[in-house]
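Peer 1: Please find the sequence and the predicted model below.
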Amino acid sequence: MSATADARLPGVAAGSAPQLNTLRHYRQLTVELAISQFKLRYTQSVLGYLWSLLKPAMLFGITYFIFVDLFKINDGTEYYGMQVLLGIVLWTFFAECTGSSMQAIAGSAGLIRKAYFPRSILVIAASLSSLFTFLINMLIVFAIAVGLRQIDIGLRMLIVIPLLLELYVLALGISLFLASLHVQFHDVGHLWDVMMQLLFYGSGVMFSLTYVLQRLHLALQVGQTVPNHSPIFVWIAAVMTANPITQIIEDLRHALLAPQAPWTEAVVTGHLAAVHQLHALDVPWMLPVPFVIVIVILTTGALTFRARARSFAENL
Amino acid sequence: MIVTDGSLAISVENLSKRFRIPLDRSATLKHRLTHWRSASRYRALEALLDISFDVPAGQFIGVIGHNGSGKSTLLKILARIYRPDAGRVTINGKVSPFLELGVGFNPELTARENIFLSGAILGLGRIELHRLFDEIIGFAELEQFVDHKLKNFSSGMEVRLAFSLAIQAHAEILMMDEVLAVGDASFQQKCFDIFNRYKREGRTVMLVTHELAAVTNYCDRALLLDHGRLVGDGSAADVTSQYRRAIGLAADGSRLNAEAERWGSRDVVVTGARMLDERGFEDSNPVTGGFARIEIGYEIQNDAVADFTCLVWLVRDDGIIVSESSFPVSQYAQVGSSQRGSGGTIRYDIRQLALLDGGYTVNVELQGRRDGATYDHLKPALRFRVIDKQGRHGVVDSGGAWSVVAAEQPVVSWPGPLASSQ
């Protein structure tokens, strides 16, 4: 089948329609790239792949000690230390995935200038490599939780799968967006570092949403001021509940560790509604907000990437 | 077009490509924000201008032209790496995704790992690569280095590995950019063997190269590009000779470099210069330790010339003059009685070439013996590339010989403070 001459637009027409063969080829390439990136992470080290287990285990040990044993930050729900740990693991994935995937295009300039394949493969491979590390970390957290008997095993754990998928889709969408801009503007790298700092505190990584709400309660009770006049707390709670990362972390905590801790959904509708002063948050349309944000980010990322990918070879 | 659509491998209609080169390249947002009004501070470079041609399936086609003529840009557009600005390109068949050898190799991975990674870019499946693995390694002669990291390979080993992997690709249309430029003579021979095989298999091959001899020997057809325009399209022999004329190669094949600087009074002129091997064949790739002869043709243009000297400089590509040598031509040839129009050939024989791997140029000057006036100076008169078969590092083969004398005490020791403390 050959391209017809009806549309005289510039472009290179591949003679035949993309075949299953081609798709299999690209899938294999993605996997090979992800594997080699994972391997390269542990090159030139004596312990090699062992580091992929040792490093998170050691880092978790430190964090657990500081936040749970030393500072005793606690919202009263069960297994609070494990909840913090889970937040850190998720955040580490999100930070590492977006950070390394952002460089995926600019870092493969030689390959892009001299070989053809869909450019998104590079970003997807980088994110898969991070995802693989993340899954290992999750296994370690699970092992620690089982070891400390701080986990409630049950059917609701299955919800972990769609939640992790949501997290991956969010990270991938951001990565595609950042990677396509990073080719020409290295500023996005620095800008994203700052954004990450903001997101870190706005996502409830080191503390639970319940903890924030408890504090909010406290402020309202002690201060005795009219809530409408202190909109800052309302804003914090609103931003946090709209933030997909908070939603994912909180729901994972609920599903894996603390069934008593509320689902994010319950937080929004039930818990906040109970604090009836907070009318601003007592709205059902807040519920799908995190999911809508994820979809919008993925779409924006993919479209931006597609529009810019054609000129990567020339701009690198 | 007479050929039916189905048998066309590549069809290019009115293809144009323009590069916008920023006048001050700055990859920051601030620049964009502060200079958003002057967003048009670009210099446009017409890389390709209104190019049209068709390639029937199974044709072996060479693309030649000077540096910057748009050869590589054309190839990159056909391989979908660059996007055309105008025009239409239709490709029928699977195109090899590589343009150069060794693309996608990672120095930190082993040969084995690189085969699987690069093989994936080439579109070879894992199972297939497992099956082909021994053949690839065997052809590259790297059986003992399978699990060594690529960074420890010599460039020759790396090219061998890249080549033996690349020839496994199933592509129906192969595009190769300067593959011949990277290897030594035996590697080039391997390339040519593969080219012959491709021709027999009826694959479409598009070869960008500076090796005109390869184009005349292997290509059915050649395209000549000049500053982005297609100025020649025809049989390989016709187009290569058109190119030779355009860049000033003398009819006898001796080389006068087109981009050379040339000055002097032209009382005596250099008519050509070339490098020969010991058999007397033209060869611009001498080997270290081997023989190389530089031949310089001259012609006297002024009867008044009585006495002249020939100077030859060998210059390494980084600008270092590795040797200067002069020869009083008129003491050996009957110049005094000669007249306008007479000439000859000056030979400069290097019996044992000491230079190691690298690119070199030869500058030639014909100079009056009495006043030192420059008659003709060519910079450079020719280029050559030395190949050291042992792949040694350095500038020259020192010619040193090793030996050792075993004794109770060191016979030679440092005097004074350098002596090792007891």
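Peer 2: That came in fine, so what should we check first?
Peer 1: Determine the secondary structure element of chain B with the lowest mean pLDDT, considering only helices and strands.
Peer 2: When the helices and strands of chain B are scored by mean pLDDT, DSSP states H and E, helix B:29-34 comes last with a mean of 65.
Peer 1: what about the next helix or strand after it, near chain A?
Peer 2: Following helix B:29-34 in sequence order, the next helix or strand is strand B:42-56 (DSSP states H and E). No - in terms of CB under 8 Å from any CB of the partner chain, no part of strand B:42-56 sits within range of chain A; the closest distance is 10.0 Å. (Each C-beta comes from the backbone N, C-alpha and C, glycine too.)
Peer 1: Can you give me the pLDDT of residue 296?
Peer 2: No chain specified, so I'll use chain A. pLDDT, A:Val296: 96.
Peer 1: ah, no, chain B please
Peer 2: So, for B:Ile296, pLDDT stands at 92.
Peer 1: which strands and helices sit next to the helix or strand hosting it?
Peer 2: In the assignment (DSSP H and E), B:Ile296 maps to strand B:292-300. Secondary-structure packing of strand B:292-300 (3 or more CB pairs under 8 Å, 6 or more residues apart in numbering or on different chains; DSSP states H and E): strand B:268-276, strand B:308-316, strand B:343-350, strand B:358-368, strand B:374-386.
Peer 1: Show me how far the second one is from its chain's centre.
Peer 2: When you say that, I think you mean strand B:308-316. The chain centre lies 23 Å from the centre of strand B:308-316; the measure is CA atoms, centre = their mean, to the nearest Å.
Peer 1: Which residues does the helix or strand following it contact?
Peer 2: Where DSSP H and E defines the elements, the next helix or strand beyond strand B:308-316 is strand B:321-327. With CB atoms under 8 Å, 6 or more residues apart in numbering or on different chains as the test, strand B:321-327 has contacts from B:309-316, B:346, B:348, B:355, B:360, B:395-396.
Peer 1: now do stretch B:273-286
Peer 2: B:184-185, B:253-256, B:290-297, B:350, B:353, B:362, B:364, B:378, B:381-387.
Peer 1: contacting residues for the spatially most central residue of chain A?
Peer 2: Nearest residue to the geometric centre of chain A (CA atoms, centre = their mean): A:Phe94, 3.8 Å. Applying CB under 8 Å, 6+ apart to A:Phe94 gives the contacts A:167, A:170-171, A:245.
Peer 1: any idea how far it lies from A:Leu199?
Peer 2: 8 Å (CB to CB, to the nearest Å).
Peer 1: Tell me where the chain has helices.
Peer 2: Chain wasn't specified; assuming chain A. A:20-41, A:50-64, A:80-102, A:109-114, A:120-147, A:160-182, A:187-202, A:209-223, A:231-242, A:244-256, A:264-266, A:272-274, A:289-309, A:312-315 (DSSP state H).
Peer 1: Hmm, no, I was thinking of chain B.
Peer 2: Going by DSSP H, chain B shows helices at B:29-34, B:71-78, B:111-122, B:126-140, B:155-166, B:185-201, B:212-218, B:236-246, B:329-332.
Peer 1: Switch those over to JSON lines; also include distance to chain A and mean neighbour count.
Peer 2: Formatted as JSON lines, the helices of chain B follow (distance: least, CB to the nearest CB, whole Å; neighbours: other CB atoms under 10 Å in any protein chain shown):
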{"stretch": "helix B:29-34", "distance to chain A": "4", "mean neighbour count": "12"}
{"stretch": "helix B:71-78", "distance to chain A": "7", "mean neighbour count": "24"}
{"stretch": "helix B:111-122", "distance to chain A": "4", "mean neighbour count": "23"}
{"stretch": "helix B:126-140", "distance to chain A": "7", "mean neighbour count": "15"}
{"stretch": "helix B:155-166", "distance to chain A": "11", "mean neighbour count": "21"}
{"stretch": "helix B:185-201", "distance to chain A": "18", "mean neighbour count": "15"}
{"stretch": "helix B:212-218", "distance to chain A": "21", "mean neighbour count": "18"}
{"stretch": "helix B:236-246", "distance to chain A": "25", "mean neighbour count": "17"}
{"stretch": "helix B:329-332", "distance to chain A": "48", "mean neighbour count": "14"}
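Peer 1: This completes my enquiry, with thanks.
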